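K.L.:
Got a predicted structure plus its sequence, pasted below:
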Amino acid sequence: MPHDKTIEPIDAAFDEVAQAMVAAGGDGDPEGPGKGNREVADASLPTATWRGVLDLGGNEIDCYVLEDGTRVLSSGSTTKAIANVERGSLQDYAGQKALNPYINIDKILQEVVKFSIPGTQWPGLGITTEHFELICRGYVQALYEGAALTDRQREIAIRCAVLTAGLTRTGLDALVDEATGYQYERAEDALQVKLRAFIADELRDWEKTFPDELWQEFGRLTKWKGALHSRPKWWGKLVIELIYDTLDSDVAEYLKANKPKAGIHWHRQLTENVGVRQLVSRCYEVIGMAKPCDDIHELRQRVAQHYGKKPVQFTLFLKPPGK
């Protein structure tokens with residue numbers, strides 16, 4: 001969980017920030033350049049207006065919210081969290097051949113964010129929260145599917161599983177907002193912004209979205225004897241409970257309140273770049289949790305507990321039976 005302390009927005013004068021940095025006893029700016037790198041942040045870069053430290057499974061990750069609301073994680077500290085090394089590049093640990101089917105490292109590197117940090121002349125380098133999740137889940141998926149990983153890569157995959165377990169309950173963006181203090185300054189239309197990211201303006205063409213493994217696990221756990229392509233309709237309630245409700249409560253509420261016409265699948269309302277991608281990722285997480293389960297009741301308990309729901313037991317008072 002994030003550190004129990006208040007992080008103020010970076011709106012102080014330069015001298016105040018500089019004095020605070022000196023008082024912290026740092027030998028140098030962790031976001032600064034390495035030896036031989038004299039690049040200086042220029043005025044065209046976006047500015048980090050909020051700054052904090054995120055604690056995921058005991059790993060501290062420097063995080064920032066830029067002036068346009070973009071959440072980014074320090075590239076250096078994310079590499080340290082994933083690989084447990086002091087220095088290294090993401091390409092070194094997420095660009096190996098065995099991981100190519102699971103992590104699009106070229107796209108991630110092309111979209112690395114460079115930004116300026118008030119109080120220092122060096123540019124910061126970070127990746128978006130979405131890309132960090134994709135790297136961690138790519139490693140976990142590679143491990144789950146039995147990819148030809150080295151012992152070192154398997155070790156990193158297990159670390160990634162610990163990291164993702166620490167962020168799935170609340171959502172990485174929400175954790176960054178809490179760590180930086182940005183949650184108190186979010187725009188009032190933040191919900192609408194999120195819904196626009198998840199919900200498409202028009203229905204997408206139908207395409208296979210849910211992996212067959214999900215239906216296979218549902219069939220095994222419910223003792224379904226029929227063909228999976230003619231699965232029972234009540235499995236739709238399982239999908240809502242185990243997938244949509246855990247994906248994002250606001251999105252789930254929107255979809256429930258804006259149901260498409262009969263015969264139209266909910267996932268056709270989701271955007272391709274965010275909604276569908278996170279839906280499929282959540283499906284594989286649930287598949288992984290289903291593997292050791294013996295029945296659907298056990299899976300529902302595991303999913304509820306994993307995503308932060310707590311069991312509630314009601315006490316019922318009745319009159320004593322008559323003599």
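P.N.:
Structure received. Values in this document were obtained by computation on a predicted structure and should not be read as measured data.
K.L.:
any chance you could map the helices in the stretch 151-300 of the chain?
P.N.:
Counting by DSSP state H, counting those that start in this stretch, the stretch 151-300 of the chain has helices at residues 151-167, 172-180, 190-198, 212-222, 235-239, 245-247, 249-257, 277-290, 296-306.
K.L.:
Just name the most buried of those helices.
P.N.:
Of all these, helix 172-180 carries the top mean neighbour count, a mean of 22, counting by mean count of other CB atoms under 10 Å. For glycine as for every other residue, the C-beta is placed from the backbone atoms N, C-alpha and C.
K.L.:
can you give me the angle that helix makes with helix 151-167?
P.N.:
Here helix 172-180 runs at 70 degrees with respect to helix 151-167, directions being taken by axes from the mean of the first three to the mean of the last three CA atoms, to 10 degrees.
K.L.:
so what does helix 172-180 touch, helix or strand wise?
P.N.:
Counting contacts by 3 or more CB pairs under 8 Å, 6 or more residues apart in numbering; DSSP states H and E, helix 172-180 is packed against strand 48-56, strand 59-66, strand 71-74, helix 129-144.
K.L.:
With respect to Val53, which of the helices of the stretch 151-300 of the chain lies nearest?
P.N.:
Proximity to Val53 (CB to CB) singles out helix 172-180 among the helices of the stretch 151-300 of the chain, at 6.2 Å.
K.L.:
Please tell me how far Ala179 sits from Leu270.
P.N.:
According to CB to CB, to the nearest Å, Ala179 and Leu270 sit 28 Å apart.
K.L.:
For the stretch 201-323 of the chain, which residues score under the pLDDT cut-off?
P.N.:
Counting by pLDDT under 70, the stretch 201-323 of the chain has low-confidence residues at 201-207, 258-269, 271-275, 310-316, 322-323.
K.L.:
now swap in the stretch 51-200 of the chain and tell me
P.N.:
Counting by pLDDT under 70, the ranges of the stretch 51-200 of the chain that qualify are 57, 165-171, 183-200.
K.L.:
Tell me how many other residues surround Ala98.
P.N.:
By other CB atoms under 10 Å, the residues close to Ala98 number 13.
K.L.:
CA-only coordinates of stretch 123-140 in PDB, if you can.
P.N.:
Listed in PDB are the C-alpha atoms of stretch 123-140, where the atom choice follows Å, rounded to 0.1, in the frame of the first residue of the first chain:
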ATOM      1  CA  PRO A 123      14.200  15.400 -17.900                       C
ATOM      2  CA  GLY A 124      12.300  12.600 -16.400                       C
ATOM      3  CA  LEU A 125      11.700   9.400 -18.300                       C
ATOM      4  CA  GLY A 126       8.700   7.200 -17.600                       C
ATOM      5  CA  ILE A 127       6.100   4.800 -18.900                       C
ATOM      6  CA  THR A 128       2.400   5.000 -18.600                       C
ATOM      7  CA  THR A 129       0.500   3.000 -16.000                       C
ATOM      8  CA  GLU A 130      -1.100   1.000 -18.800                       C
ATOM      9  CA  HIS A 131       2.200  -0.100 -20.200                       C
ATOM     10  CA  PHE A 132       3.500  -1.100 -16.800                       C
ATOM     11  CA  GLU A 133       0.500  -3.300 -16.300                       C
ATOM     12  CA  LEU A 134       1.000  -4.800 -19.800                       C
ATOM     13  CA  ILE A 135       4.600  -5.700 -19.100                       C
ATOM     14  CA  CYS A 136       3.800  -7.300 -15.800                       C
ATOM     15  CA  ARG A 137       0.800  -9.200 -17.100                       C
ATOM     16  CA  GLY A 138       2.800 -10.300 -20.200                       C
ATOM     17  CA  TYR A 139       5.400 -11.900 -18.000                       C
ATOM     18  CA  VAL A 140       2.700 -13.600 -15.900                       C
END
